[in-house]
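**Q** got a sequence here, can you build the structure:
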Amino acid sequence: SDLVSSALRDRFKVIARIMNVHHTDFGFLANRLVKRYNGKPFLARTSSTFYHEPGRYFAVDIDAHVFGYPARQGLSYVKGTIQTAIYDVGFVVEGVTDAQLPEQILCCCRISKMGVELCKRFPAKFVALYRRHRHALDAFSKTESDLLALKNGVTTTTTTADTDTNNNNDDTHKNKGKSKDKASQSATVLPTAKHHANKAADDDDDNEDDEDDNAKNVVKKNH
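**A** Model (predicted):
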């Protein structure tokens, strides 16, 4: 969705606050870092990933592996004793203009004495349910893509057939035009040939009349 790639990601702010600072098993360095940065917000520009299904849910992943070096170093100090802490985590969108202030909590949660060693595996039945759901969505998307490709193919074939039909019609019209031209030429040639034949016959008749007149003149002279 548009929310996943929106500019709000650059203003996504995280606030973490340890509630029982004096009742943890943190070491000296960890306690100094907690005292300095506890409850201070930070922008999660590069470490956050948004997931959004309109009308269903909005989720955010925070990847601590891409935090800056001081933050990663501080997390390494408390990794083995985080199960003794109670801490709140909240998310807000950073306000820039006066109209966007004061900032409001988008969502928050409290985590009580939960460490890496104490975490349980995510239930396998829910993992299997997600995989089936994802497989069904992928299959539906593939079927929809195939139908769209098939529709485009039929449209292309129909368009090609129409083009071939139009070309054949054009060829037929051209052939008819050529036949008419040939017929006209033939009709023109035939009267011309007939005219020449009649003229030749008239010339022959004139020659015969001249020969008859010459013969008559010769007979008169002899007498």
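**Q** can you pull out the helices in this structure?
**A** Using DSSP state H, the helices of the chain run over residues 28-37, 69-78, 124-222.
**Q** pLDDT below threshold where in the protein?
**A** 1-5, 154-223 (pLDDT under 70).
**Q** try it again at 50.
**A** Within the chain, the stretches with pLDDT under 50 are 183-197, 201, 208, 211, 214-215, 217-223.
**Q** gap between L75 and H133?
**A** 33 Å (C-beta to C-beta, to the nearest Å). Quick note: C-beta positions are derived from backbone N, CA and C, even for glycine.
**Q** quick one, which of those two is more surrounded?
**A** L75 (15 against 10; other C-beta atoms under 10 Å).
**Q** tell me how far the closest residue to the more buried one other than its chain neighbours lies from K151.
**A** Counting by C-beta to C-beta, 6 or more residues apart in numbering, A64 is the residue found nearest to L75 once chain neighbours are left out, at 6.0 Å. As judged by C-beta to C-beta, A64 and K151 stand 47 Å apart.
**Q** how about C119?
**A** Taking C-beta to C-beta, one finds C119 at 49 Å from K151.
**Q** just R36 next, same as before
**A** Separation of R36 from K151 (C-beta to C-beta): 62 Å.
**Q** over to Q100?
**A** Q100 is 46 Å from K151, by C-beta to C-beta.
**Q** for F91, same thing?
**A** 43 Å.
**Q** between those two, who's got more neighbours?
**A** Using other C-beta under 10 Å as the criterion, F91 and K151 rank with F91 on top: 18 against 10.
**Q** ok, the residue nearest to L75 - how many residues close by?
**A** That count, for A64 with other C-beta under 10 Å as the rule, works out to 10.
**Q** and what of L33?
**A** What L33 shows, counting by other C-beta under 10 Å, is a neighbour count of 17.
**Q** in this structure it contacts L75, no?
**A** No: applying C-beta atoms under 8 Å as the test, L33 and L75 come out as separate, 9.4 Å apart.
**Q** please enumerate the shared neighbours of the two.
**A** Taking C-beta atoms under 8 Å, 6 or more residues apart in numbering as the contact criterion, L33 and L75 have no common neighbours.
**Q** quick check: closest non-adjacent residue to I18.
**A** Nearest one to I18, counting by C-beta to C-beta, 6+ apart, is Y87 at 4.6 Å.
**Q** look up how far R11 lies from that neighbour.
**A** From Y87 to R11 the distance is 23 Å (C-beta to C-beta).
**Q** repeat that for P123.
**A** Distance from P123 to R11, by C-beta to C-beta: 35 Å.
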